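A.B. asks: all I have is the shape, not the residue letters:
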C-alpha cells in the first residue's frame, strides 16, 4: 500500500479540483494515521476471515415498504411543459462542470 503523505493528498486534491490549507492537510494526515492504525488492529483479530461480510447491520424485511402502483409515464409535451428551458424538444440544464 502506498504511504499516505502530503504530496499524495495534494495530488488527489488537484485531480478533484479541490484545495486545502496546510493545516487542513496536516489534520487529514493525522486522521489517516488513526485509520491505518485501526485497520492494523482489525487485521490482528483471529478468525476474522471466516466471518461472512455484512452489507447491512439489521435483517431487512420488505414489509415496511409500500408496493408501487404502475402508472403511465408523462407524455413528452406534459413533461416539457414543466421545464424552465426547452430547446428542440429537450430540457436544457445549466452547465455543472467547468
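C.D. replies: Perfect, I can see it now. Computed from a prediction, not measured in an experiment: that's the story for all the values here.
A.B. asks: what about residue 25, how many residues nearby?
C.D. replies: The tally of other residues near residue 25 (other C-beta atoms under 10 Å) stands at 17. Every residue, glycine included, has its C-beta placed from N, CA and C.
A.B. asks: which other helices and strands does the helix or strand containing residue 13 contact?
C.D. replies: Element membership of residue 13, judged by DSSP states H and E, is helix 6-15. Judged by 3 or more C-beta pairs under 8 Å, 6 or more residues apart in numbering; DSSP states H and E, helix 6-15 is in contact with helix 22-43.
A.B. asks: helices or strands next to the helix it packs on in the packing?
C.D. replies: Using 3+ C-beta pairs under 8 Å, 6+ apart, helix 22-43 sits against helix 6-15.
A.B. asks: mind listing residues that contact the helix holding residue 13?
C.D. replies: Outside helix 6-15, the residues that touch it by C-beta atoms under 8 Å, 6 or more residues apart in numbering are 2, 19, 20, 25, 26, 28, 29.
A.B. asks: how about that helix: buried residues?
C.D. replies: residue 9 (16 or more other C-beta atoms under 10 Å).
A.B. asks: where does the chain have low pLDDT?
C.D. replies: Applying pLDDT under 70 to the chain flags residues 1, 62.
A.B. asks: which SSE is the residue sitting furthest away from the middle of it in?
C.D. replies: Residue farthest from the centre of the chain, counting by C-alpha atoms, centre = their mean, is residue 77 at 34.3 Å. Using DSSP H and E, the element containing residue 77 is helix 76-81.
A.B. asks: I am finished for the moment; much appreciated.
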